[in-house]
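[1] Below are the sequence and a predicted model; questions follow.
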Amino acid sequence: MSDVTRAEVCAAAVADAFADDGELFGSPMGIMPMLGVRLARLTSNPDLVLSDGESLFLGGVPPLFAPADVVEGWIPFRTVFDVVAYGKRHVMMGATQIDRHGNQNISAIGDFDRPTRQLLGSRGAPGNTVNNRTSYWVPKHSPRVFVERVDVVSGVGPRRAKEAGPAAAKFNDIHRIVTNLGVFDVGGPDDTIRLLSVHPGVTVADVQAASGFEVYVDDETAVPTSREPSTGELMLIREILDPKRLRDREVPPADEAAR
């Protein structure tokens, strides 16, 4: 049996989401997105531009949350908005809710006029989704996250962007959704969420049971299994990028009981 963990499969899936981007600003938010983007920079896409999440462009690729070892530029917060407007950026955000049309909610749970839970607020999600390539990371795939309709639209999915008109739809690009169960895009009928692969040990039935709507599948008999990281990638993950195993906080090994 492979000793590759589900968290490491997820890191490789995140890296693959950035593999074909070329030279643009990779903007990950959270532990797993940071790990995957840095893995991509060291393997499949050395042209990715990374920051420390505060004000510096990184010349090197330090471990998660380590000080910048090599600095190649300065990007104060106000300058990030110029990059957002310009468009050469791929952001990977989290999502408290995602619906079948790829709309994301990080604002509030419940009725908009009287929500039961206040979240982060929409923050940069609307601008990200109409200006930049956008992906999402969901560490715990469940019917509470994958819902028929989000309570508040923070990040705009493709159908809603088209309904809003050319200004919203022109650069809308919901690229990938990576969860602890599989990898998805919005390539289903009518711009709906589509299953691209299931992680090792996960079935299509598992994905459907953990979703609040029926996820579109091209062919249930031929859904591929997400790849495991190579030996070289595992070395980078375990010894260079995340020696403290912060990835296990996102996808604990206990979650792999079904494998």
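    Yep, it's here.
[2] which residues of this protein fall in strands?
    25-28, 50-51, 56-58, 71-74, 89-93, 97-99, 104-105, 108-109, 117-118, 133-138, 146-147, 173-179, 182-188, 192-198 (DSSP state E).
[3] mind saving the C-alpha coords of the fourth one as CSV?
    Backbone C-alpha positions of strand 71-74 (Å, rounded to 0.1, in the frame of the first residue of the first chain) are rendered in CSV as follows:
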residue,chain,number,x,y,z
VAL,A,71,13.6,38.7,-2.5
GLU,A,72,13.1,39.8,-6.1
GLY,A,73,10.6,42.7,-5.8
TRP,A,74,8.2,44.7,-3.7
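[4] re the thing from before, tabulate the strands of the chain (a markdown table), appending distance to residue 211 and mean pLDDT.
    Where you see a C-beta, it was placed from the backbone N, CA and C, and this is true even at glycine. Output for these, formatted as a markdown table (distance: least, Cβ to Cβ, whole Å; pLDDT from 0 to 100):
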| stretch | distance to residue 211 | mean pLDDT |
| --- | --- | --- |
| strand 25-28 | 24 | 95 |
| strand 50-51 | 32 | 92 |
| strand 56-58 | 36 | 90 |
| strand 71-74 | 41 | 90 |
| strand 89-93 | 19 | 96 |
| strand 97-99 | 10 | 98 |
| strand 104-105 | 15 | 97 |
| strand 108-109 | 18 | 94 |
| strand 117-118 | 21 | 89 |
| strand 133-138 | 11 | 98 |
| strand 146-147 | 4 | 98 |
| strand 173-179 | 10 | 98 |
| strand 182-188 | 10 | 98 |
| strand 192-198 | 8 | 98 |
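[5] Go through those and name the closest to residue 17.
    strand 173-179 (4.1 Å; Cβ to Cβ).
[6] List the strands paired with the closest one, with their directions.
    Partners of strand 173-179 in the sheet, by DSSP bridges, are strand 133-138 (parallel), strand 182-188 (antiparallel).
[7] just so I know, which of these lies nearest residue 174?
    Comparing those under Cβ to Cβ, the one sitting nearest is strand 182-188, at 4.8 Å.
[8] Buried residues, the closest one. List them.
    182-188 (16 or more other Cβ atoms under 10 Å).
[9] related to what we said a few turns ago, adding distance to residue 232 as columns, could you present the strands of the chain in JSON lines?
    JSON lines is the format used below for these (distance: least, Cβ to Cβ, whole Å):
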{"stretch": "strand 25-28", "distance to residue 232": "20"}
{"stretch": "strand 50-51", "distance to residue 232": "19"}
{"stretch": "strand 56-58", "distance to residue 232": "21"}
{"stretch": "strand 71-74", "distance to residue 232": "24"}
{"stretch": "strand 89-93", "distance to residue 232": "22"}
{"stretch": "strand 97-99", "distance to residue 232": "32"}
{"stretch": "strand 104-105", "distance to residue 232": "33"}
{"stretch": "strand 108-109", "distance to residue 232": "42"}
{"stretch": "strand 117-118", "distance to residue 232": "42"}
{"stretch": "strand 133-138", "distance to residue 232": "23"}
{"stretch": "strand 146-147", "distance to residue 232": "33"}
{"stretch": "strand 173-179", "distance to residue 232": "21"}
{"stretch": "strand 182-188", "distance to residue 232": "21"}
{"stretch": "strand 192-198", "distance to residue 232": "21"}
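[10] Residue 10: which of those strands is closest?
    Of these, nearest to residue 10 by Cβ to Cβ is strand 173-179, at 6.1 Å.
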